[in-house]
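Asks: Give the three-dimensional model of this entry:
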Amino acid sequence: MKVHFWGTKGSLPSSSVAEEIHRKIFFALKESRPYSLDSDSDVEAFIDKHLPFYIKGSYGTNTSCIEIIGGTEYVLCDAGTGIRDFGNNLIKKKTAKNDRQPDIFHIFISHLHWDHIHGFPFFTPAYIPDNRIKIYGFHKNIKEAFKTQQSQPFFPVAFKHMRADIDFEILESNRGYHIAGLNVKGFKQDHPGDSYGFRFEKDGKAIVYSSDCEHRVGHERDDYVFLDFFRDADLLIFDTQYSLLDAIYTKENWGHSNNIIAVELSVKAGVKRLCMFHNEPTCNDESLWRFLEDTRRYLSIYDASYPLAIDLTYDGMEIEV
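Replies: Sure, this is the predicted structure:
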């Protein structure tokens with residue numbers, strides 16, 4: 001299996017501003033002074049070897065949407081603005097190959113807050129006849145929510161004008177399903193209005209998607225429930241929007257978790273790779289990069305012997321499991 005991250009921002013889309021781009025260019029040019037950059041290959045090598053990620057790249061703009069690759073059909077988690085890029089990229093590939101065959105999409109929705117569904121009205125495959133879209137979730141009003149966001153006065157194109165065959169299925173928590181060649185199970189999480197995580201398994205590999213969940217300090221007993229769902233996961237995608245201080249003091253009860261509990265739960269559950277997700281939209285790329293470095297340092301303090309790989313997700317990241 002593979003995971004492609006199409007949207008990794010939390011709460012709302014946020015992009016780099018001109019001032020930040022200016023700082024990146026200034027830093028790169030300053031760092032390049034000792035090097036001979038006479039050819040394009042020299043420039044590429046300098047960028048790859050000598051510039052940190054927050055200068056040569058970006059953590060992205062889009063809100064939550066990931067693709068699970070390896071099933072028999074397209075599988076996505078959440079429909080934030082990242083689903084627009086997924087759809088446009090797919091259309092571009094199909095056009096290049098002159099592929100006119102309809103597609104089948106399975107979209108698992110963690111919850112109905114806007115940043116997890118507001119990309120769907122811009123999902124191009126939903127407007128193509130004969131495409132089939134199955135939307136799964138645990139909230140009984142999921143169909144109503146999708147239709148409402150495309151009604152007046154919120155959006156100009158009504159849900160009924162989408163030409164694909166779109167169905168909704170209400171799932172049951174803790175029950176196993178076999179969908180698109182993957183074994184899937186959902187679990188309830190602590191978030192305003194409730195959210196749900198998903199565990200996907202195939203061929204002995206496990207991917208866990210756990211966004212929009214608050215793990216409260218002093219409630220460690222409650223986290224034992226999560227250890228069963230996280231157990232021995234090859235990849236855990238975990239909501240780390242806040243620092244520990246933010247999670248405890250200024251943003252308690254806002255429904256999101258932090259990097260410290262992410263590390264501790266990963267170690268306790270035997271997770272192999274942790275991907276921090278739902279990135280704070282007020283942080284620039286440098287702040288997010290330093291957040292990642294701080295988290296890796298915390299692992300060395302908490303359990304230096306545990307071989308946990310830690311990443312901070314960005315739009316366009318792809319990980320093979």
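
Asks: Now do the domain split for the protein, please.
Replies: When the chain is parsed with automatic domain parsing, its domains come out as 2-15+58-320, 19-56.

Asks: among those domains, which is the most enclosed?
Replies: Most buried of the domains of the chain by mean neighbour count (mean count of other CB atoms under 10 Å) is domain 2-15+58-320; its value is a mean of 18. C-beta coordinates here come from the backbone N, C-alpha and C atoms, glycine included.

Asks: What is the end-to-end distance of that one?
Replies: Start and end residues of domain 2-15+58-320 are separated by 4 Å (CA to CA, to the nearest Å).

Asks: chain center to that domain, what's the gap?
Replies: 4 Å (CA atoms, centre = their mean, to the nearest Å).

Asks: Give the rounded mean pLDDT of that domain.
Replies: Mean per-residue pLDDT for domain 2-15+58-320: 96.

Asks: Where do the helices of the stretch 101-250 of the chain begin and end?
Replies: In the stretch 101-250 of the chain, the helices defined using DSSP state H, counting those that start in this stretch lie at 142-148, 220-230, 244-245.

Asks: okay, those in CSV with distance to S211 next?
Replies: Output for the helices of the stretch 101-250 of the chain, formatted as CSV (distance: least, CB to CB, whole Å):
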stretch, distance to S211
helix 142-148, 16
helix 220-230, 13
helix 244-245, 18
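
Asks: Out of these, which gets nearest to C275?
Replies: Closest approach to C275 among the helices of the stretch 101-250 of the chain (CB to CB): helix 220-230, 12.6 Å.

Asks: pull the CA atoms of the closest one into PDB?
Replies: Provided in PDB are the C-alpha atoms of helix 220-230 (Å, rounded to 0.1, in the frame of the first residue of the first chain):
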ATOM      1  CA  GLU A 220      -4.300   8.500  29.900                       C
ATOM      2  CA  ARG A 221      -6.700   5.700  30.800                       C
ATOM      3  CA  ASP A 222      -8.900   6.700  27.900                       C
ATOM      4  CA  ASP A 223      -6.000   6.300  25.500                       C
ATOM      5  CA  TYR A 224      -5.800   2.600  26.100                       C
ATOM      6  CA  VAL A 225      -8.800   2.300  23.800                       C
ATOM      7  CA  PHE A 226      -6.700   3.900  21.000                       C
ATOM      8  CA  LEU A 227      -3.800   1.600  21.600                       C
ATOM      9  CA  ASP A 228      -5.800  -1.300  20.200                       C
ATOM     10  CA  PHE A 229      -6.500   0.600  17.000                       C
ATOM     11  CA  PHE A 230      -2.900   1.800  16.700                       C
END
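
Asks: Which elements pack onto that helix?
Replies: For helix 220-230, the packing partners by 3 or more CB pairs under 8 Å, 6 or more residues apart in numbering; DSSP states H and E come out as strand 182-189, strand 205-210, helix 259-269.

Asks: can you list the residues that contact that helix?
Replies: Contacts with helix 220-230, where a contact means CB atoms under 8 Å, 6 or more residues apart in numbering, come from 185, 187, 190, 197, 199, 208, 210, 215-216, 236, 261, 265-266, 268-269, 271.

Asks: all strands of the stretch 51-200 of the chain, in order?
Replies: Using DSSP state E, counting those that start in this stretch, the strands found in the stretch 51-200 of the chain span residues 65-69, 74-77, 104-108, 132-137, 165-170, 176-179, 182-189, 195-202.

Asks: Looking at the chain, which helix is longest?
Replies: Longest helix in the chain by number of residues (criterion: DSSP state H): helix 285-303.

Asks: Not counting its own residues, what contacts that helix?
Replies: 16, 20, 24, 52-55, 57-59, 240, 243, 259-260, 262-264, 267, 276, 279-280, 283, 306, 308, 310-312.

Asks: what helix or strand is the closest residue to L37 other than its chain neighbours on?
Replies: Nearest non-adjacent residue to L37, counting by CB to CB, 6 or more residues apart in numbering: V43, 5.1 Å away. In the assignment (DSSP states H and E), V43 maps to helix 40-50.

Asks: contact partners of that helix?
Replies: Residues outside helix 40-50 that contact it (CB under 8 Å, 6+ apart) are A28, E31, S32, Y35, S36, L37, K56.

Asks: so which two of the residues you listed are the farthest from each other?
Replies: Counting by CB to CB, the most remote pair of those is S36 and K56, 18.9 Å apart.

Asks: Skipping its backbone neighbours, what lies nearest F86 in space?
Replies: Going by CB to CB, 6+ apart, F86 has W6 as its nearest residue, at 4.6 Å.

Asks: What strands flank the host helix or strand of that neighbour, and is each parallel or antiparallel?
Replies: Element membership for W6, per DSSP H and E: strand 2-7. Partner strands and pairing direction for strand 2-7 (DSSP bridges) are strand 65-69 (antiparallel), strand 318-320 (antiparallel).
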